[in-house]
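Colleague: sequence and predicted structure are below.
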Amino acid sequence: IFEKRAPQLGYNQPYLDNLLGGFFFAGSPSSQQVKGVSASPTDLTTIELVDLVRPSVANIVYVYCLDIANMQPNLSGLSQPRYNFCGSSKGSGFIINKTGVIATNGHVTKIYPEEGLVTNLLNEGSKAFATDLIKGVYSSKGQTLGQNQLEDFYRQLNANPQYLDRFLTEIFALINKKAIVINNTNEKYYVNVGDAPVKVDYQKLNIGDAVGAVSPSATTYVAEMLDFNFPNRYSYEAIVNKNYQRGADVALLKIKNSSNLFPAVELGSIENLREGSEVIVAGYPTLVEGAEDPRAALSYKTSTKPTITRGIVSAIKEDIVGKKVLQTDASIDHGNSGGPAFNSLGQVIGIATFMEESKSGNFNFLRDISELKELMAKNKIDNQLGELTTYWREGLSNFRNKYYTSAKTSFKQVETLSPAHPTVKEFITLSDEAIAEGKSLEGWVGFIKGGKGSGILLGAFGSLAIISFMSSGFLWSLPLFRQERV
């Protein structure tokens, strides 16, 4: 084709220079691009996404105690001046800033005194208060209960919603009259981002020992509350007068007294999200965290591994105040609250918050990430990823492309900046194994094995062949080089 067309088209040297200048060799700097680090967003596979975000998913333990002061014994009927008991909750969260700022749900990190009383009323640690209150309620009405009747009423509280509803009404009446005053004390936050689980001794909690109840691991950090946006749905106004407060369900914690940097996730938006869009949810459902009991099916040691579930956006709906919520069929259970939901770019677009119990399918809901961004703006907190996250992303990108030596270099930087990083040691080991087996596509071996060498040689020889072929045609057409056969 070139032999016939070139002379007819009148190709000259400048045209040839431009033509050949437009060729590029496979593997040349202008053609190389490391996947996953480009400026333009790229969809990740599920495994790539999980590798990227898993170190940033946190397990949160919230411990608190309640102090109930008997302000008017004649009105309350209570026999003691004060009652104390403790409780706890678990949830999930995610790191949004390199300095260790954690995002989660408000209900994971904040329990109002009235809610604490209601939710712990039937726990073993608060039984003394509950039974004393039952006696007090009956005594205020001129009635006396025997011990058997008292125990029977307490059992009915656990089994019969009507008994509990009646009892709660009496409690909130006492709160409204200020016969009893409830306050939170000893609120503590523990954030685990490593591979050593935090242990909670519920027996110690029941006797009011909030400090001794939690045994932090080497990878557990103490945190403090920065701010939250979460209404009190257990106030007297809400329970008795049905005057419910409205608001979001987000909170911010900050890891205390740590010089380490932390791997952060990137926040996205639901702006371009549609029904059918894929979502990945990460968190710590207590249903599968295991136990130390030898009869348990799952070991508690593996409770540090976040559970990953995948689904789609089933619907984009609004709550009763007009805020957007995302319905998804990705599995969510107790303990998932506060965990991140990611789009295919690895960006957080929602926070796992609540679910509808159903036997027919998964009907779960995510709060819009914009609610968290509003709370961050209020507290002047940026979604700052930092150098640790940069090294982590570079390492993963090189690892995926089989540049194991470069990957290991980045992973070592991560390990230096964050010794408690939960997965970096695993990737360093995998990189070492691949290098030892000669699988790393770096240096001359990688040049040949990776196909870059063959691409360059093919491109070079192919281009030379074209030049030779075309040039021979041009030269033959010139009188100086044309020879007559004899």
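Modeller: Cool, the structure landed.
Colleague: C-alpha only now, for contacts and for neighbours.
Modeller: Will do.
Colleague: using CSV, write out every CA atom in the helix or strand residue 426 falls within.
Modeller: Assigned by DSSP states H and E, residue 426 belongs to helix 424-436. Written as CSV, here are the backbone C-alpha positions of helix 424-436 (Å, rounded to 0.1, in the frame of the first residue of the first chain):
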residue,chain,number,x,y,z
VAL,A,424,0.3,-3.3,55.3
LYS,A,425,2.4,-6.2,56.8
GLU,A,426,0.4,-8.6,54.8
PHE,A,427,1.1,-6.8,51.5
ILE,A,428,4.8,-6.5,52.4
THR,A,429,5.0,-10.3,52.8
LEU,A,430,3.1,-10.8,49.6
SER,A,431,5.5,-8.5,47.8
ASP,A,432,8.5,-10.3,49.2
GLU,A,433,7.2,-13.6,48.1
ALA,A,434,6.5,-12.4,44.6
ILE,A,435,10.0,-10.8,44.3
ALA,A,436,11.6,-14.1,45.5
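Colleague: quick one, phi/psi of the residue nearest to residue 69 when sequence neighbours are not counted?
Modeller: Closest residue in space to residue 69, ignoring its immediate chain neighbours: residue 82 at 4.7 Å, by CA to CA, 6 or more residues apart in numbering. Per-residue torsions, residue 82: phi -150, psi 150 (degrees, to the nearest 10).
Colleague: from residue 218, how far out is residue 82?
Modeller: Note on residue 82: its distance to residue 218, by CA to CA, to the nearest Å, is 36 Å.
Colleague: before we move on, the earlier item: could you pull out the buried residues of the helix holding residue 426?
Modeller: Within helix 424-436, the residues that count as buried by 16 or more other CA atoms under 10 Å are 424, 425, 427, 428, 431, 432, 434, 435.
Colleague: what are the phi and psi values at residue 311?
Modeller: Per-residue torsions, residue 311: phi -160, psi -160 (degrees, to the nearest 10).
Colleague: partner residues bridging it?
Modeller: Legend: beta-bridge partners of residue 311 under DSSP bridges are residue 279.
Colleague: list the contacts of it.
Modeller: Taking CA atoms under 8 Å, 6 or more residues apart in numbering, we find residue 311 in contact with 278, 279, 280, 328, 329, 330, 331.
Colleague: can you give me the helices in the stretch 51-200 of the chain?
Modeller: For the stretch 51-200 of the chain, helices defined by DSSP state H, counting those that start in this stretch occupy the ranges 73-76, 106-109, 113-120, 127-140, 147-159, 161-176.
Colleague: where does the stretch 251-400 of the chain dip in pLDDT?
Modeller: Within the stretch 251-400 of the chain, the ranges that satisfy pLDDT under 70 run 357-361.
Colleague: where exactly do the strands run in it?
Modeller: Remark: strands assigned in the stretch 251-400 of the chain by DSSP state E, counting those that start in this stretch are 266-267, 278-283, 307-318, 324-328, 340-342, 347-355, 364-368.
Colleague: in the longest one, which residues are buried?
Modeller: The one in question is strand 307-318. 307, 308, 310, 311, 312, 313, 314, 315, 316.
Colleague: from residue 332, how far out is the third one?
Modeller: Residue 310 sits 10 Å away from residue 332 when distances are taken as CA to CA.
Colleague: shared neighbours, those two?
Modeller: Counting by CA under 8 Å, 6+ apart, the residues touching both residue 310 and residue 332 are residue 281.
Colleague: my read: residue 364 touches residue 355, true?
Modeller: Yes - using CA atoms under 8 Å, residue 364 is in contact with residue 355, at 4.2 Å.
Colleague: out of the two, which sits in the more crowded spot?
Modeller: Per other CA atoms under 10 Å, whichever of residue 364 and residue 355 has more neighbours is residue 364, with 22 against 18.
Colleague: show me what that one bridges to in the sheet.
Modeller: Beta-bridge partners for residue 364, by DSSP bridges, are residue 328, residue 355.
Colleague: once you drop chain neighbours, what's closest to residue 200?
Modeller: Leaving aside its sequence neighbours, residue 200 sits nearest to residue 214 (CA to CA, 6+ apart; 4.6 Å).
Colleague: need the helices of the stretch 51-200 of the chain in a markdown table (columns: mean neighbour count and mean pLDDT).
Modeller: Output for the helices of the stretch 51-200 of the chain, formatted as a markdown table (neighbours: other CA atoms under 10 Å; pLDDT from 0 to 100):
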| stretch | mean neighbour count | mean pLDDT |
| --- | --- | --- |
| helix 73-76 | 18 | 86 |
| helix 106-109 | 24 | 94 |
| helix 113-120 | 19 | 86 |
| helix 127-140 | 18 | 82 |
| helix 147-159 | 14 | 85 |
| helix 161-176 | 16 | 83 |
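Colleague: residue 252 is nearest to which of these?
Modeller: Closest to residue 252 of those is helix 106-109 (CA to CA; 8.3 Å).
Colleague: contacts for that closest one next, please.
Modeller: So helix 106-109 is contacted by 60, 62, 89-92, 189, 225, 228-230, 249-251, 337-338 (CA under 8 Å, 6+ apart).
Colleague: and the strands of the stretch 251-400 of the chain as JSON lines, adding distance to residue 110?
Modeller: Converted to JSON lines, the strands of the stretch 251-400 of the chain look like this (distance: least, CA to CA, whole Å):
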{"stretch": "strand 266-267", "distance to residue 110": "23"}
{"stretch": "strand 278-283", "distance to residue 110": "19"}
{"stretch": "strand 307-318", "distance to residue 110": "24"}
{"stretch": "strand 324-328", "distance to residue 110": "21"}
{"stretch": "strand 340-342", "distance to residue 110": "18"}
{"stretch": "strand 347-355", "distance to residue 110": "14"}
{"stretch": "strand 364-368", "distance to residue 110": "17"}
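Colleague: who wins for proximity to residue 294 among those strands?
Modeller: Nearest to residue 294, of those and by CA to CA, is strand 307-318 at 22.2 Å.
Colleague: quick check, residue 182 in contact with residue 66.
Modeller: Yes - with contact defined as CA under 8 Å, residue 182 and residue 66 form a contacting pair (6.7 Å).
Colleague: and the two? which has more neighbours close in?
Modeller: Between residue 182 and residue 66, counting by other CA under 10 Å, residue 66 is the more crowded of the two (24 against 20).
Colleague: contact partners for the more buried one?
Modeller: Contacts of residue 66 (CA under 8 Å, 6+ apart): 83, 84, 85, 86, 113, 116, 117, 182, 183, 184, 185.
Colleague: at 6 Å instead, please
Modeller: 84, 85, 86, 183, 184, 185 (CA atoms under 6 Å, 6 or more residues apart in numbering).
Colleague: among the residues you listed, which one sits closest to residue 209?
Modeller: Set against residue 209, the nearest of the contacts of residue 66 by CA to CA is residue 86 (7.4 Å).
Colleague: residues in contact with residue 65?
Modeller: Contacts of residue 65 by CA under 6 Å, 6+ apart are 85, 86, 184, 185, 186.
Colleague: swap in residue 259?
Modeller: Contacts for residue 259 were tallied using CA under 6 Å, 6+ apart; there are none.
Colleague: ok, residue 141 next?
Modeller: By CA under 6 Å, 6+ apart, no residues touch residue 141.
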